[in-house]
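Enquirer: No sequence on hand, only this structure:
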């Protein structure tokens, strides 16, 4: 009668012989040893807080697709800037929801020295001069079609848009912006903005280039927040980067740095960690990522449904940016993370 036998495998070498006595788990045994060898760290100094602006006074409007995020009137934006300063957050980035009556095909309201962005900048810098203010020169919050540039006969015209963005940058600097960050992705905009700022006497105002802003599906909640979601006709693929292209992204960065950018940004963030790492390795410049609205909304939605631990996922996602080479991160999680880091 045949009998079943269970084979017994005895390795010819023990584990120490295989690994050469190296046991990589030794330094993972305790919390203190893990902290001792941690390669990357997230601090409050890494955080930039994007905030949305609205007209009116004492106005706080929830953004439905972004739980915990609000559009704020200027007076409340000042209070949040004061809160950010108390938390040690270095800088805010402002994005306006402009009244529809002020929008047109050319985005001309961006050239109003008293527009919503500039009024908010003045108020924030007056109340909290120690906090950095970053302003965007793209036209999409100001156009009635939702595109980042001037629309002529169905085409986003490059050079006319660049001239408007450069002029707007001067008004933003006059209002007190510390960094201007044009996100429109028009060719030549960085050089034009630098020349305009220098000619107006704002040589010390820095430029953060949205050097690699991809045509992405992750921007939807942001468009709701600035009121362009129902306006956009077509897409932005004629001026945003193709998300399949890495070499092209490097060419964009190289060009923007040659034109005078002081720092570069990759947008979106998590789906583009390879771009961040490559940019940092190739150019060794201050490098930032924007953890965009869709990334934020996905974490919040999954956490709300109990599918993930939202707090841990939030921190893990931000650490991924640091590991990839980021010097800083624009994130809607900024105040929450700053509170946690304070302990």
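Expert: Arrived safely, thanks for sending. Please read these numbers as outputs of a predicted model, since none were measured by experiment. Numbers count the residues shown, from 1 in each chain.

Enquirer: Quick one: residues contacting residue 160.
Expert: By C-beta atoms under 8 Å, 6 or more residues apart in numbering, the residues touching residue 160 are 149, 150, 152. Quick note: C-beta positions are derived from backbone N, CA and C, even for glycine.

Enquirer: which residues touch the first one?
Expert: When you say that, I think you mean residue 149. Going by C-beta under 8 Å, 6+ apart, residue 149 touches 107, 138, 139, 156, 157, 158, 160, 161, 184, 186, 239.

Enquirer: again, 6 Å this time
Expert: The contact partners of residue 149, taken as C-beta atoms under 6 Å, 6 or more residues apart in numbering, are 139, 156, 161, 184, 186.

Enquirer: Now go through those and say which are in strands.
Expert: Using DSSP state E, residue 156 are the members of the contacts of residue 149 that sit in strands.

Enquirer: who's in contact with residue 294?
Expert: 218, 220.

Enquirer: circling back to that earlier point, export the contacts of residue 149 as TSV, with columns for neighbour count and distance to residue 338.
Expert: Shown next, in TSV, are the contacts of residue 149 (neighbours: other C-beta atoms under 10 Å; distance: C-beta to C-beta, whole Å):
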residue	neighbour count	distance to residue 338
139	30	31
156	22	37
161	30	36
184	26	30
186	25	34
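
Enquirer: quick one: which of the contacts of residue 149 is nearest residue 132?
Expert: Relative to residue 132, the closest of those is residue 184; by C-beta to C-beta it sits at 21.3 Å.

Enquirer: Looks like the closest one contacts residue 143 (just checking).
Expert: No - judged on C-beta atoms under 6 Å, residue 184 makes no contact with residue 143 at a distance of 10.7 Å.

Enquirer: Overlap of the contact sets of those two?
Expert: Counting by C-beta under 6 Å, 6+ apart, no residue touches both residue 184 and residue 143.

Enquirer: Next step: the contacts of residue 149 restricted to helices.
Expert: residue 161 (DSSP state H).

Enquirer: Just the closest of the contacts of residue 149 to residue 296, please.
Expert: residue 184 (22.3 Å).

Enquirer: check contacts around that closest one.
Expert: By C-beta under 6 Å, 6+ apart, the contact set of residue 184 is 138, 148, 149, 165.

Enquirer: count of neighbours near residue 122?
Expert: 18 (other C-beta atoms under 10 Å).

Enquirer: Which secondary structure element of this structure has the lowest mean pLDDT?
Expert: Within the chain, no helix or strand scores below helix 15-19, which has a mean of 62 by mean pLDDT, DSSP states H and E.

Enquirer: Next, format the contacts of residue 160 as TSV and append secondary structure and distance to residue 316.
Expert: As requested, those are arranged in TSV below (DSSP: H, G, I helix; E, B strand; the rest coil; distance: C-beta to C-beta, whole Å):
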residue	secondary structure	distance to residue 316
149	coil	36
150	strand	41
152	strand	45
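
Enquirer: if we take those, which one ends up nearest to residue 127?
Expert: residue 149 (33.0 Å).

Enquirer: okay, the closest one: pLDDT?
Expert: Per-residue confidence (pLDDT) for residue 149: 96.

Enquirer: Please give the number of neighbouring residues around residue 130.
Expert: Residues lying near residue 130 (other C-beta under 10 Å) number 7.

Enquirer: now it: how far from residue 42?
Expert: 22 Å (C-beta to C-beta, to the nearest Å).

Enquirer: and what of residue 295?
Expert: With C-beta to C-beta as the criterion, residue 295 and residue 42 are 16 Å apart.

Enquirer: quick one, which of the two is more surrounded?
Expert: When neighbours are counted by other C-beta under 10 Å, residue 295 and residue 42 differ, and residue 295 comes out ahead with 22 against 19.

Enquirer: name the element the more buried one belongs to?
Expert: helix 293-304 (DSSP states H and E).

Enquirer: what's residue 237 in contact with, if anything?
Expert: residue 215.

Enquirer: Kindly state the pLDDT recorded for it?
Expert: pLDDT, residue 237: 95.

Enquirer: Likewise for residue 105?
Expert: On pLDDT, residue 105 comes in at 94.

Enquirer: same thing with the one 10 residues further on?
Expert: Residue 115 is assigned a pLDDT of 98 by the prediction.
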